[in-house]
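Student: I would like the atomic coordinates for the input below:
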Amino acid sequence: MDINEIKDILIYDYIKDYLNEISILNVKKGQYITRSSEKLEEIFYVVDGNAKVECITKSGKSFLVDELCENEFVGKISYMYEQNLFCDIVATSDSTILRISKSTFKKLEKNPEFLKLFLFKTSKRIYYMYKKLMMKDLFRLEETFAFHILENSENDVFKFVSMYNLCKVMSVSRKQLYNVINSFIEKDYIKKDKTSLIILNRDCLYEISMGVREINEVNDCDFKFDI
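Tutor: Residues are numbered from 1 along each chain as shown. Next comes the predicted model:
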C-alpha cells in the first residue's frame, strides 16, 4: 500500500499535511511491531489488520494486555503517562501500519480535534482493560468463561485457535481452563470437538454468566463523546 492510498482512513484529514513524514509498514502475521526492550518514541496506527499488546516477564510468563484492530493507535503510549509497561506489540494478522514519529505526533497533537480522537480511542481501551481486570476479581472463571463462550459462538459452536491462545485470551493457566472445560463437559453444558466447543445447554451457561452479562450490558444513553 502506498501513502497516497490511505485517503479513506479515519485520521487522513489530520495527517494529510504530514504524509511525507509518515511511513507505511507492511507487517506479516507474528511479526513484532515493537519489543518491550526497544526505546521507541513513535506512535503506530493500524490501517488494516490486527495486533496484540503482550507483557512477558523475565521468568517467561505472559499476559495479554490488549488486542487491536483497524483504526486504533498503538505504541509505547505508557511513556506519555511517565510509565513503562514493558510490552511487546505483535501483529496477529498481516497488517498495514502507519509509523508516526514523535516530532510529527507533536505537530498533530496541536490540533484539538486530532487530540480529542487520540485521547478518546486510547482512554476507551484503557477502560476496557480495567474492566477486564475488574471482572477477573469479581467473578469466578466459570462465570467469565460461560459468558465468553456464549458471546463468541455461532450456531452454538464456539471455535478457538488453540488452548494456548484461549488461555492467553482468558488470562488463566492451562490447568485452570481445563478444569472449567472438563466441569462443563461433565455437566453436559458443552462438548469438545477438536478446536471447537459445542454448546449443549445454553440456558445453564446463560444463568452461570448472568452477573458477567449484567456488567457488560451496553448503555444506550446519549451521554457520550461526540467523535
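
Student: pLDDT (mean, whole number) over stretch 17-28?
Tutor: Average pLDDT, stretch 17-28: 94.

Student: tell me how far the ends of it are from each other?
Tutor: By C-alpha to C-alpha, to the nearest Å, the extent of stretch 17-28 from end to end equals 28 Å.

Student: buried residues, it. List them.
Tutor: Residues of stretch 17-28 classed as buried by neighbour count (16 or more other C-beta atoms under 10 Å): Ile22, Val27. Glycine gets a C-beta too; all of them are placed from N, C-alpha and C.

Student: chain center to it: distance?
Tutor: 22 Å (C-alpha atoms, centre = their mean, to the nearest Å).

Student: which outside residues touch it?
Tutor: Contact with stretch 17-28 is made by 1-4, 6, 15, 33, 44, 47, 49, 91, 94-101, 103-104, 107-108, as judged by C-beta atoms under 8 Å, 6 or more residues apart in numbering.

Student: swap in 10 Å and give it another go.
Tutor: 1-6, 12, 15-16, 31, 33, 42, 44-47, 49, 51, 89-91, 93-101, 103-105, 107-108, 111 (C-beta atoms under 10 Å, 6 or more residues apart in numbering).

Student: how about stretch 167-177?
Tutor: Counting by C-beta under 10 Å, 6+ apart, 52, 54, 61-65, 67, 132-133, 136, 141, 144-145, 148, 152, 160-164, 166, 178-180 sit against stretch 167-177.

Student: in strands, which of the residues you listed appear?
Tutor: Those of the contacts of stretch 167-177 mapping onto strands are Lys52, Glu54, Ser62, Phe63, Leu64, Val65, Glu67, per DSSP state E.

Student: okay, now Arg35: neighbour count?
Tutor: Residues near Arg35, counting by other C-beta atoms under 10 Å, number 13.

Student: so what's it scoring on pLDDT?
Tutor: pLDDT, read off for Arg35, is 87.

Student: ok now do it, which residues does it touch?
Tutor: Contacts of Arg35 (C-beta under 10 Å, 6+ apart): Ile56, Phe86, Cys87, Asp88, Ile89, Val90.

Student: repeat that for Gly30.
Tutor: Val90, Ala91, Thr92, Ser93, Asp94.

Student: isn't the last one right up against Val46?
Tutor: Read that as Asp94. No - look at Asp94 against Val46 with C-beta atoms under 10 Å: they stay out of range, at 11.8 Å.

Student: between the two, which has more neighbouring residues?
Tutor: Set Asp94 next to Val46 and count neighbours by other C-beta under 10 Å: Val46 wins out with 22 against 14.

Student: the more buried one against Lys52, yeah?
Tutor: No - contact between Val46 and Lys52 fails when scored by C-beta under 10 Å: they sit 11.3 Å apart.

Student: coming back round to it: for the contacts of Arg35, which two are the farthest from each other?
Tutor: Spatially, the most separated pair among the contacts of Arg35 is Phe86 and Val90, at 14.2 Å (C-beta to C-beta).

Student: what about the two, which has more around it?
Tutor: More crowded of Phe86 and Val90, by other C-beta under 10 Å: Val90, with 18 against 14.

Student: and the contacts of Arg35, which is closest to Glu217?
Tutor: Among these, and counting by C-beta to C-beta, the member closest to Glu217 is Cys87, at 29.7 Å.

Student: any of the contacts of stretch 167-177 buried? List them.
Tutor: Buried among the contacts of stretch 167-177 (16+ other C-beta under 10 Å): Lys52, Glu54, Leu64, Val65, Glu67, Leu141, Thr144, Phe145, His148, Phe160, Leu166, Val180.

Student: got CSV for these, with distance to Leu115 and pLDDT too?
Tutor: Below are those laid out as CSV (distance: C-beta to C-beta, whole Å; pLDDT from 0 to 100):
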residue, distance to Leu115, pLDDT
Lys52, 26, 92
Glu54, 27, 88
Leu64, 28, 82
Val65, 23, 84
Glu67, 24, 88
Leu141, 39, 96
Thr144, 35, 96
Phe145, 39, 97
His148, 34, 96
Phe160, 38, 95
Leu166, 37, 93
Val180, 43, 98
